[in-house]
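J.: only the shape, not the letters, is given here:
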């Protein structure tokens, strides 16, 4: 169930801005990479000691370039190790495993017009979507917000794809996207896509909904990093294992460390693939995912182990 | 060539279609047990045993040339059997690429694909086709890319567009369907086009199947078998031509059951498409008459038991009601009551 992996070499590291690095990857078997669609991501397996540490990153390059894939990584302030490793330990020539591409943020091909919005490092999937829309000759525009002029790291690449259709918002100049006006008065058939910080995504969704946009035309991608938390105990009913999830591991990572093969794709609470059935929970389920509905959360029968945890005693899972 | 084609056999008129003993032996008999019920019976579509219908991504067999001719006849009579909505062009090229790469890799003596950048050269020896074209430029092919390649590959095809957490049947090449209409279903969502299937909705089969398929990954196709029965070895059993084949259901007699009644098995596979993020659904049909199946008594016994316990709703939906008693009577000769272990093997 888990992703098939490809072994790649880090061919090139570029420092794009303070705390933002771009990695160019090539397959170690010399084969071509598969083609992917705009908005796709891959999962990098990072060698942080014994534990499996896997982070999702969007593919930002040109999918017709089959010998190199590019991802950009921002160093997270509260990194549990993944982005810090990529910033401090990773070197050109190192080899890592990555997953095949998965697209949880696809373009809607029936759309008549597309509004793309990127906040900071959220530019990465937006860049590949813009490239696809440009290739298709579609009607689109890009709105790109970042902290200061030096952080607009993909501005040139975007301008080349969509001359005259890229709008810049530089926070240090007090420029900000006003979603109320951006989304007002748009014709039917327009689709909106945003990737950025949680507050920005929420503001845009609220603006869209209050203007009467159908939810099916509002698209966002957010990957949640597992936040860690208090330790708790787990029993796996089928495999008979019992163990404690430490504060710095996700439930999914702890399960994998026990040698149990659990399904997953995005590892960011978005895709739903890792859903597990809760047989018993002594304590409160702390759901951090973006997948389960309110009813499913209320039922207490399901958990997404990539980001969610238990506060309290022991969690029993049907695994 | 390694396959002895039967280029002159027919699927209409005089119905000269027959299976060789080797084709019968590899027939994808679908019944593991003595009873049948719907389930989400999907498994990875990985390379199966040599010679089996699961060996390759797209199975080419002795009926290839004749089936492609029958498809051309059906399209000539009704061009609406091939449909593709305007937003499906990337998915059309994805499909052409997947089929050409698979066939040239799996049957190198029959198919050759050479690439020089976007300039592709394709050779299909069994059908005598040679074509050089520019990948991505539909004007360089004699017809749109999806129609072009599915006129050269056995099986029906649907391409689904994924959006709004759903799958929409937005393109199709359907000339050998078990009584459903592409014209009617084109553009429908997953639940809409499965609407008529009895019992399975109540079992939650489609809800689970859709959730599973939405997460289907590139390079990890899945497959399942489906089945029905058909009178005469006819591919075009569509609603559009019902007057031509519907009345045949009343023609089954104890004397002609063995020749007329066919088990029709669909090997259905689903592939995530890379450029479009769409999904190719291939429906590769196999037909075997009762006489052919009964060359393996194990299959005759099992089919007898499956049909005798089949829920009425399913028999109605599959259109078997009228000739089921005659078929059961004929199959009962083979069923000595032996306990059959689970499995689909012929012997």
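T.: The structure has been received and is ready for your questions. This structure is a prediction, so every number in the text was calculated from the model and none was measured.
J.: phi, psi for residue 84 please.
T.: Defaulting to chain A. phi -70, psi -40 (degrees, to the nearest 10).
J.: oops, chain B please
T.: Dihedral angles (degrees, to the nearest 10) for residue B:84: phi -150, psi 120.
J.: please name the nearest non-neighbouring residue to it.
T.: residue B:171 (3.9 Å; CB to CB, 6 or more residues apart in numbering or on different chains). (Glycine included, C-beta is placed from N, CA and C.)
J.: so which residues on the stretch 201-319 of chain A come close to chain B?
T.: Counting by CB under 8 Å from any CB of the partner chain, the stretch 201-319 of chain A comes close to chain B at A:216, A:265, A:271, A:272, A:273.
J.: same thing but 10 Å
T.: For the stretch 201-319 of chain A, the residues in contact with chain B (CB under 10 Å from any CB of the partner chain) are A:214, A:215, A:216, A:217, A:219, A:263, A:265, A:266, A:271, A:272, A:273, A:275.
J.: from residue B:186, how far out is the third one?
T.: Meaning residue A:216. Taking CB to CB, to the nearest Å as the measure, residue A:216 falls 20 Å from residue B:186.
J.: tell me the bridge partners for the residue nearest to residue B:84.
T.: residue B:84, residue B:159 (DSSP bridges).
J.: and the strands in the stretch 1-150 of chain B?
T.: B:43-44, B:82-84, B:111-116, B:119-124, B:129-134 (DSSP state E, counting those that start in this stretch).
J.: average pLDDT across the fourth one?
T.: Within the predicted structure, the mean pLDDT of strand B:119-124 is 98.
J.: tell me the confidence at residue A:2?
T.: The score at residue A:2 is 44. That number is its pLDDT.
J.: do residue A:104 as well
T.: pLDDT recorded at residue A:104 is 90.
J.: residue A:266 is in contact with that one, correct?
T.: Yes: using CB atoms under 10 Å, residue A:104 is in contact with residue A:266, at 6.0 Å.
J.: how many other residues sit next to the residue of the stretch 51-200 of chain B found nearest chain A?
T.: Taking CB to the nearest CB as the measure, the stretch 51-200 of chain B has residue B:87 as its residue closest to chain A, at 3.9 Å. For residue B:87, the neighbour count with other CB atoms under 10 Å in any protein chain shown is 20.
J.: and the gap between it and residue A:20?
T.: On the measure of CB to CB, residue B:87 and residue A:20 end up 34 Å apart.
J.: which residues of the chain score low on pLDDT?
T.: Using chain A here. Scanning chain A for pLDDT under 70 picks out A:1-4, A:50-52, A:79, A:225-227.
J.: hm, I was asking about chain B
T.: Checking chain B against pLDDT under 70 turns up B:1.
J.: which residues touch the nearest residue to residue B:6 once chain neighbours are set aside?
T.: Once flanking residues are discounted, residue B:6 sits nearest to residue B:62: 5.4 Å by CB to CB, 6+ apart. For residue B:62, the contact set (CB atoms under 10 Å, 6 or more residues apart in numbering or on different chains) comprises B:3, B:4, B:5, B:6, B:7, B:9, B:18, B:19, B:20, B:22, B:23.
J.: neighbours around the fourth one, how many?
T.: For residue B:6, the number of neighbouring residues by other CB under 10 Å comes to 18.
J.: what of the fifth one?
T.: Using other CB under 10 Å, residue B:7 has 13 neighbouring residues.
J.: flag every residue of chain B that's near chain A.
T.: B:44, B:85-91, B:93-94, B:97, B:118, B:136, B:161-166, B:168, B:170, B:187, B:211-212, B:214-220, B:272-278.
J.: filter those residues to the buried ones?
T.: Buried subset of the residues of chain B next to chain A (neighbour count, 16 or more other CB atoms under 10 Å in any protein chain shown): B:85, B:87-91, B:93-94, B:97, B:161-163, B:166, B:168, B:170, B:214-218, B:220, B:272-278.
J.: quick one: the strands in the stretch 201-319 of chain A?
T.: Going by DSSP E, counting those that start in this stretch, the stretch 201-319 of chain A shows strands at A:218-221, A:232-236, A:242-245, A:276-286, A:302-303, A:309-317.
J.: with mean neighbour count as added columns, please give those in JSON lines.
T.: JSON lines is the format used below for these (neighbours: other CB atoms under 10 Å in any protein chain shown):
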{"stretch": "strand A:218-221", "mean neighbour count": "22"}
{"stretch": "strand A:232-236", "mean neighbour count": "19"}
{"stretch": "strand A:242-245", "mean neighbour count": "16"}
{"stretch": "strand A:276-286", "mean neighbour count": "15"}
{"stretch": "strand A:302-303", "mean neighbour count": "23"}
{"stretch": "strand A:309-317", "mean neighbour count": "19"}
